[in-house]
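K.L.:
Build me a model from this:
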Amino acid sequence: MERLRKSDADAGVAMRTLTDAQRAAIAEVRNFYEAKIAELQVLHQSRLNRTPDPAARDALEDEYRRDRERLVADRDARIEKIRRGDVPDKEK
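P.N.:
Predicted coordinates for the structure are as follows:
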């Protein structure tokens, strides 16, 4: 860990600790997106169970993968915004 801190310092990366409010906001964002991803997975499994056609199942898998990646990217962007100290927007 010390080597990583030193290499970050040499590269000009500043180490900042998170405030309690930031930690709480990050936890809230993670919980929200965990619930959204779980909901997406349940709906996906339900659709798969009702679809016998292999081509349609592949299309559903692609759609699920895209939706999951979008949710993960949104979550990560919001967390990074909170870490930078930007005020998170209330719209989810």
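
K.L.:
What's the mean pLDDT across the strand or helix carrying Leu4?
P.N.:
For Leu4, the element it lies in under DSSP states H and E is helix 2-11. The pLDDT scores in helix 2-11 average 74.

K.L.:
Just after that helix, pick out the following helix or strand.
P.N.:
Downstream of helix 2-11, the first helix or strand assigned by DSSP H and E is helix 20-49.

K.L.:
which helices and strands does whichever strand or helix holds Ala56 pack with?
P.N.:
According to DSSP H and E, Ala56 maps onto helix 54-84. If you count contacts as 3 or more C-beta pairs under 8 Å, 6 or more residues apart in numbering; DSSP states H and E, helix 54-84 packs onto helix 20-49. Any C-beta I mention is one placed from the backbone N, CA and C, and that applies to glycine too.

K.L.:
list the buried ones in the helix it packs on?
P.N.:
Within helix 20-49, the residues scored as buried using 16 or more other C-beta atoms under 10 Å are 22, 25-26, 29, 33, 36, 40, 44.

K.L.:
Can you get me a residue count around the residue nearest to Val29 when sequence neighbours are not counted?
P.N.:
Take Val29 and drop its neighbours on the chain: the residue closest to it by C-beta to C-beta, 6 or more residues apart in numbering is Arg78, 4.9 Å away. As a burial measure, Arg78 scores 21 neighbours (other C-beta atoms under 10 Å).

K.L.:
mind checking how far Asp86 is from Asp53?
P.N.:
As judged by C-beta to C-beta, to the nearest Å, Asp86 and Asp53 stand 45 Å apart.

K.L.:
before we move on, back to that, would you quantify the distance from the residue nearest to Val29 to Phe32?
P.N.:
Arg78 is 9 Å from Phe32, where distance means C-beta to C-beta.
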